[in-house]
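Asker: Below are the sequence and a predicted model; questions follow.
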There are 2 protein chains.
Amino acid sequence: GNLLVVPMDGSHWVDLKALAQELGRRGHRVTVVIPEFSIRMGPGKYYDTVTYPVPYTQADIDSIIAANKDVLEKSTLSFTDKFRKIASFLHSTAESLLFNASVISQLEQQKFDAMLTDPMVPTGSLIARKLGIPVVNLLRGIPCLMDMKAAGCPSPPSYVPRFMTGYTDKMTFRERTINTLIALLEPLMCKLFFWHFDNISHQFLGEKVGIAEVLAESDVWLLRIDMTLELPRPLMPNTILVGGINCNVRDALPEDLLPWVSGEHGFIVFTLGSMVSEMPEEITSVFIEAFRQIPQKVIWRFTGEIGGSIPENVKIMKWVPQNDLLAHPGARAFITHAGSHGLYEGLCHAVPMVMVPVSAEQPDNAEKMASRGAGIVLNILTVTSENIVQALNAVINDTRYKENVKKLSELHKDRPVDPLELSVYWTEFVMRHKGAKHLKPAVHELNWIQYYCLDVLAFLFTILLLVVVLTVKCLKLCFGKLGRKRKQD
Amino acid sequence: GNLLVVPMDGSHWVDLKALAQELGRRGHRVTVVIPEFSIRMGPGKYYDTVTYPVPYTQADIDSIIAANKDVLEKSTLSFTDKFRKIASFLHSTAESLLFNASVISQLEQQKFDAMLTDPMVPTGSLIARKLGIPVVNLLRGIPCLMDMKAAGCPSPPSYVPRFMTGYTDKMTFRERTINTLIALLEPLMCKLFFWHFDNISHQFLGEKVGIAEVLAESDVWLLRIDMTLELPRPLMPNTILVGGINCNVRDALPEDLLPWVSGEHGFIVFTLGSMVSEMPEEITSVFIEAFRQIPQKVIWRFTGEIGGSIPENVKIMKWVPQNDLLAHPGARAFITHAGSHGLYEGLCHAVPMVMVPVSAEQPDNAEKMASRGAGIVLNILTVTSENIVQALNAVINDTRYKENVKKLSELHKDRPVDPLELSVYWTEFVMRHKGAKHLKPAVHELNWIQYYCLDVLAFLFTILLLVVVLTVKCLKLCFGKLGRKRKQD
């Protein structure tokens, strides 16, 4: 087949790249469209790239990433300021591609069989609609649950906890009330979240179609979730669970790391994800102090400055082969921000975790993992060296953590088809059959009044009311007459 | 593993047997519990059987089956009479097993890892609860949708058409109204359907637990449906689609059939399912007359009497290897009652169909297949020889039917894992992990008021009302004072 891939940057790229590579390796023609500057996107062995110019430089990107250490400082840019900054970066990237007529017409000429994209940033979805090609989505989820809505999956607020609430599927009345309120606000949240993209959509497509409608046309949804970490919820036949997709995508460790993974005490992997690679000095020094007190080696992804000396057992790297390290039998613990990627990698290789969630859904993720006894959560803003040493000692030496994560890992890996294999299958399916029409629910033909059958219920209620009123009137009339008759007698 | 199987009789047995055989072949210890007399259940190469006495004989069963030709006669037993007769047969079978203390205690001693059953008749489900073993269900569906309810799958009446309505997922307002009414009546229908079993349950379990609660404990649901015939609807992570499970379960054709499947014109397979094996003479003669006029050979499953001579191209058999015949390249058409088994077998081997639905969900099935251009529906009560000849000629000689069924068949078979393989996988999964706890939704912890968040909505509405009332009062008070002040001025 002939596949077009429009990826998202950052950690989202990891899985999309794994899938694009695997499809290319199997003989499909895979074309990946990437901006000339990005956090980590780039060429690969098994796919071609098409690049497009963007109105920013690599330095601009680096400064955005560097600014992310702000989340670890107490007084910083406000949340909305930061959100606005990242959003404008995403919008400018999207516009640079969508309104680059020559790239778009170049893509159009290639008659692709399908589009593979991450619709969290719906650039690929818009191109697919414009070019009329079927769509396979690979994503973790969209905060306002637009993905579930677009796929037609019901999400009853009574047992489907909302994003960032930290609730489980068993909620108290208070929790259910808050969850329901959030659910009621979701359409508004989606509107705000995709406000600018709705405008881009109108402009690019030349029709009054919003992102919600564009996403609803997707053929297959590959969801990077798995029920060992998530909670059972209704899904549609075209939503396929592929959490842990990159578990088996592995390379040999680079030579210079070999001395660091050997030794009787093993080693610890420490990363905070692709969006946070620096930390303020007061937090850095807390970790340095802790690492001085433990026998394990530490491999730490960190791009910032470290004031003072670095202990002998600590290796600082600008980038680490995280999955390959976690897969090594010497890995004793994983200090992570609890992003979904790291969590699934740790789960896959059964490495107990010390979690220091930073933002977004990370606290939720961390709580879920901790509740299964597979790790410990620390607050990165208030953490002390003792906390860290204690937590590391616990997950490394208290065998219960290792046992729990091992059990969970076995359950996670016990699936009929490897998630990468399954993702390949469904992408090929969409290319083979030019879509997956028979799997798409008819939900989108209904407005919300029809969907909830409110019109039908109103109609039935009206009839019931009429029947009751008429019966009462009739009875009154009859009894009235009877009464009069009696009086007359 | 050590697997207990409590099957259902009739066509339901076909798939359960296929799965039990395959699990036995792979080295599991499989024990199938069957009554001493049955329609078609019996021993197999790869499983042991435990039989229990029943208060009826083989002759009684044969007479019930024979009476089924009544559905094809215009004046017969009423529907409720027949339903009552079959129900009492099922109840007596269930009671014979459940209240046979020695068989039950014999089963208890064997410490099974899992129960495989068809919960349409919930005997196996009750035993599993009593013995505390996890459950795998294999079924097509329960008419009142109790299966979906027990599995926790939402079934919005706005696009999930109800059993026997013949509706699709795109309904008019009138259809949605009727569909909603049926949905509202479903709890009542389930109560009636399982009335006697609820009583058996109380008696057998010694606790006030109904069938609905017993079924809700099931670990995995293997649903014999596929989206090439069914319509997309919400499902849960533990509901696995295995429609077409026995497609690849094949044997060589018996020698005496070989002359019947060869020849340039090919052959036609004609069966009406395990529950209807006879027909009244006026219908039989219509088919005989039609078969005289076509060049194809006809292999016909029929146990009744045929008045008059049988044409040379027709072979009548008491039992036919239906799947093996349909798999033969000489099969040109399939005359079927459109039961789900036959339909999936015809679909699997891409044989165009002439469908004469008899009862239950068969008219629905037939309409779905016909709407996809893969066959023609005839009314068996009013059919003429010309109709039959015309329909057979169409599906055999008009290539569109063959093309459509071929396309549908390709789509049907294009699944990541063969449905039998998938069924084996999930049954083994449940045995390995002693259930599938992490896949079960938390729906059953909620009553229906909580499920639909009606309590939360009432609470929110009350607050809203209070706020409005207080605001209005406040404003009135303020304006009132203002008014008085003005007057004073």
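Answerer: Good, I have the coordinates. Predicted model only: the values in this text are computed from it and were never measured. Numbering: from 1, shown residues only, chains lettered A, B, ... in the order given.

Asker: Only C-alpha atoms from now on, for both contacts and neighbour counts.
Answerer: Noted.

Asker: Which stretches in the stretch 1-150 of chain A count as strands?
Answerer: Secondary structure of the stretch 1-150 of chain A (DSSP state E, counting those that start in this stretch): strands at A:2-6, A:29-35, A:48-52, A:114-117, A:135-139.

Asker: correction: the stretch 151-300 of chain A
Answerer: Secondary structure of the stretch 151-300 of chain A, counting by DSSP E, counting those that start in this stretch: strands at A:220-223, A:239-241, A:267-271, A:297-301.

Asker: Tell me how far residue A:228 lies from residue B:417.
Answerer: Taken as Cα to Cα, to the nearest Å, the spacing of residue A:228 relative to residue B:417 amounts to 21 Å.

Asker: Show me what from chain A comes close to chain B.
Answerer: Applying Cα under 8 Å from any Cα of the partner chain, one finds that chain A approaches chain B through A:153-154, A:156-159, A:169-170, A:173, A:176-177, A:180, A:227-228, A:231-237, A:414, A:416-417, A:422, A:425, A:429, A:438-443, A:445, A:450-453, A:456.

Asker: Now intersect those residues with the helices, please.
Answerer: Residues from the residues of chain A next to chain B lying in helices, with DSSP state H as the criterion: A:173, A:176-177, A:180, A:422, A:425, A:429, A:450-451, A:456.

Asker: Need these in CSV (columns: neighbour count and pLDDT).
Answerer: Rendered in CSV, the data for those read as follows (neighbours: other Cα atoms under 10 Å in any protein chain shown; pLDDT from 0 to 100):
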residue, neighbour count, pLDDT
A:173, 14, 97
A:176, 24, 96
A:177, 20, 97
A:180, 22, 97
A:422, 19, 98
A:425, 17, 98
A:429, 20, 98
A:450, 18, 95
A:451, 16, 95
A:456, 22, 96
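
Asker: State the pair within those residues that is farthest apart.
Answerer: A:173 and A:429 (43.6 Å; Cα to Cα).

Asker: Now do the contacts for the residue nearest the centre of chain A.
Answerer: Ranked by distance to the mean C-alpha position of chain A (Cα atoms, centre = their mean), the top residue is residue A:140 at 2.6 Å. Taking Cα atoms under 8 Å, 6 or more residues apart in numbering or on different chains as the contact definition, residue A:140 lies against A:223-225, A:340.

Asker: Among these, which one lies nearest to chain B?
Answerer: Minimum separation from chain B among those (Cα to the nearest Cα) is found for residue A:225, which lies at 11.4 Å.

Asker: residue contacts, that closest one?
Answerer: If a contact means Cα under 8 Å, 6+ apart, then residue A:225 has A:140, A:241-244 as its contacts.

Asker: Residue A:262: which of the ones in helices among the residues of chain A next to chain B is nearest?
Answerer: Of all these, the one sitting nearest residue A:262 is residue A:422; the distance, using Cα to Cα, is 34.5 Å.

Asker: any idea how far the nearest residue to residue A:450 once chain neighbours are set aside lies from residue A:453?
Answerer: Closest residue to residue A:450 in three dimensions, ignoring its sequence neighbours and counting by Cα to Cα, 6 or more residues apart in numbering or on different chains: residue B:158, at 6.6 Å. To residue A:453, residue B:158 is 6 Å away according to Cα to Cα.
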